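> here's my sequence, what's the structure:
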Amino acid sequence: MSEPCDALVIGAGPAGLAAAACLRERGLDPVILEKADAVGAVWRRHYDRLRLHTDRRHSALPGLAMPKTYGRYPSRLDVVAYLENYATQFGLVPQFGTFVHAVRRRGTLWRAETEDKTFEAPAVIVATGWADFPYSPRWPGIETFGGDVLHSAGYRNPDRFRGRRALVVGFGNSGGEIALDLAEAGVEVAISVRGPVCILPRELLGLPILAWAIAEQRLPARLADTLNAPAIRLAVGSIEKLGLERAARGPLQMIEEDGRIPLLDVGTVVMIRSGRIAVRPGVEAFSPASVLFADGRTEPYDAVILATGFRPDLSALLPDAAGVLNLAGRPLVSGRRTAERGLFFCGAIASPTGQLREIGIEARHIADSGGLCEVAGARVGRREWATSHKPD
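Okay, here's the model as predicted:
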């Protein structure tokens, strides 16, 4: 037996909550399906020291500002509290503990299949994010390594690493900040950097770096990167003497073309300069007690933290959808109509102007979408919403 509803939202993180809130404001009653037992599950399990890399003013979801008491860069716990309050303010009550195995089209409806029952709606918004898809490379000999190996998704704080030699693999935001966390706790730590890097200051000339990206968003990425390069170089300083190679492309081009987020430095570079974080090249292989690097040196480590990112693959969730995912299973578009009528993604593609800000923009676009109005209007029938919101 299927349970009919106006719209389905898969996920109760920032994207799912924002999308559902925008739908409710337009008269729909979406059902939110969440496999965890609380909203913002990913934020609850992030490492302890994490703060938003984007400023509070540009990180609020539609309809509810973040409290000034959070400061300019809210903490992980601040974000969790904000998401809980957001759900309460908009009357969002997800169905927790509900794992969606697959979403399939059945005629004019989408059917979400769970362990206990199915849900049907003319529209479905996939807001699952990418943090549930950690990517852990396999190197020769890694199965023989006698120390701990964990993905950054499993890192919480330095406690278990005190008195041990740790290697962080990867120089993205998680890798840079985890290495900093370990170094500040007195852990002997090195960071493995495989290729050229792009480093940004969190603030430039007293303004959050996000404010610059927003101000220049209408410029071609290459032009904006060229204009910003001198000020960024001055703020970050020389990195070549630190064993780091500067990426040929600027940060906006990197995000736009590769989907890679530059490192927003919150103190990692200073720690590298002071020698408290060592820089090593890419990993080649493991032995029972050590790691072999690309430059031929071998060093002993007690623990390895893989800050190697995430590779979301939604092909199993959407087995029948055509023309909406690339070969790797990632959405081709986010925040607007897909090739499948009534199917939307929210927050699925990295944004240079801040992910939470982009989620808010996309949630509004989806709720106002002509495609959603058409399919949801067929479900809600005579509701005032269906007659007062014309397709775009």
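
> which elements pack onto the helix or strand hosting Leu17?
Here Leu17 sits within helix 14-25, counting by DSSP states H and E. Packing partners of helix 14-25 (3 or more C-beta pairs under 8 Å, 6 or more residues apart in numbering; DSSP states H and E): strand 8-10, strand 31-33, helix 76-89, helix 355-368. (C-beta placed from N, C-alpha, C; glycine too.)

> now do the buried residues in it.
Pro14, Ala15, Gly16, Leu17, Ala18, Ala19, Ala20, Ala21, Cys22, Leu23, Arg24 (16 or more other C-beta atoms under 10 Å).

> what sits against the fourth one?
Taking C-beta atoms under 8 Å, 6 or more residues apart in numbering, we find Leu17 in contact with Ile32, Val39, Leu61, Leu83, Tyr86, Ala87, Phe90, Leu92.

> can I get these in CSV with neighbour count and distance to Gly146?
Listed next are the contacts of Leu17 as CSV, based on neighbours: other C-beta atoms under 10 Å; distance: C-beta to C-beta, whole Å:
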residue, neighbour count, distance to Gly146
Ile32, 26, 44
Val39, 26, 39
Leu61, 23, 45
Leu83, 24, 40
Tyr86, 23, 45
Ala87, 21, 44
Phe90, 20, 50
Leu92, 21, 47
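
> of these, which is the nearest to Gly354?
Leu61 (11.8 Å; C-beta to C-beta).

> pretty sure Glu3 is in a strand, no?
Yes - counting by DSSP: H, G, I helix; E, B strand; the rest coil, Glu3 is located in a strand.

> quickly list what the residue nearest to it when sequence neighbours are not counted is bridged to.
Leaving aside its sequence neighbours, Glu3 sits nearest to Phe119 (C-beta to C-beta, 6 or more residues apart in numbering; 5.0 Å). The partner list for Phe119 in beta bridges (DSSP bridges) reads Glu3, Ala112.

> where are the low-confidence patches of the chain?
Low-confidence segments of the chain, defined by pLDDT under 70, span residues 1, 370-392.

> go again with 80.
Under the criterion pLDDT under 80, the flagged ranges of the chain are 1-2, 370-392.

> care to break it down by domain?
Residue ranges for the domains of the chain, per automatic domain parsing: 2-132+311-388, 142-306.

> in the stretch 251-392 of the chain, which spans are helices?
For the stretch 251-392 of the chain, helices defined by DSSP state H, counting those that start in this stretch occupy the ranges 251-258, 268-274, 355-368, 370-380, 384-388.

> the stretch 51-200 of the chain too?
So, for the stretch 51-200 of the chain - with DSSP H, counting those that start in this stretch - the helices run 76-89, 173-184.

> to Ser369, which of those lies closest?
helix 76-89 (21.7 Å).

> which of the domains of the chain is buried the deepest?
domain 2-132+311-388 (a mean of 19; mean count of other C-beta atoms under 10 Å).

> hang on, the earlier thing: and the buried residues of helix 14-25 as a markdown table, adding distance to Glu299?
What follows is the buried residues of helix 14-25, written out as a markdown table (distance: C-beta to C-beta, whole Å):
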| residue | distance to Glu299 |
| --- | --- |
| Pro14 | 39 |
| Ala15 | 41 |
| Gly16 | 43 |
| Leu17 | 44 |
| Ala18 | 45 |
| Ala19 | 47 |
| Ala20 | 49 |
| Ala21 | 50 |
| Cys22 | 51 |
| Leu23 | 53 |
| Arg24 | 55 |
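
> so Thr338 sits against Phe345, correct?
Yes - between Thr338 and Phe345 there is a contact at 6.9 Å, judged by C-beta atoms under 8 Å.

> which residues are in contact with each of those two?
Jointly contacting Thr338 and Phe345 under the rule C-beta under 8 Å, 6+ apart are Val324, Pro331.

> where's Asp302 relative to Leu182, distance?
Relative to Leu182, Asp302 is positioned 12 Å away (C-beta to C-beta, to the nearest Å).

> shared neighbours, the two?
Common neighbours of Asp302 and Leu182 (C-beta under 8 Å, 6+ apart) are Phe161, Ala166.

> how far out from the middle of the chain is stretch 318-336?
17 Å (C-alpha atoms, centre = their mean, to the nearest Å).

> mind listing what the closest residue to Tyr47 other than its chain neighbours touches?
Nearest-residue entry for Tyr47: Tyr155, 5.1 Å, with adjacent residues in sequence omitted and distances by C-beta to C-beta, 6+ apart. By C-beta under 8 Å, 6+ apart, the contact list for Tyr155 reads Tyr47, Ser174, Ile178, Ile305.

> same question, Arg280
Leu167, Ala190, Ile191, Ser192, Val193, Gly243, Phe293, Arg297, Glu299.

> mind checking which of the residues you listed land in strands?
Of those, the ones assigned to strands by DSSP state E are Leu167, Ala190, Ile191, Ser192, Phe293, Glu299.

> and the second one, bridged to which residues?
Counting by DSSP bridges, Ala190 is bridged to Leu167, Ala278.

> that one and Gly170, how far apart?
12 Å.
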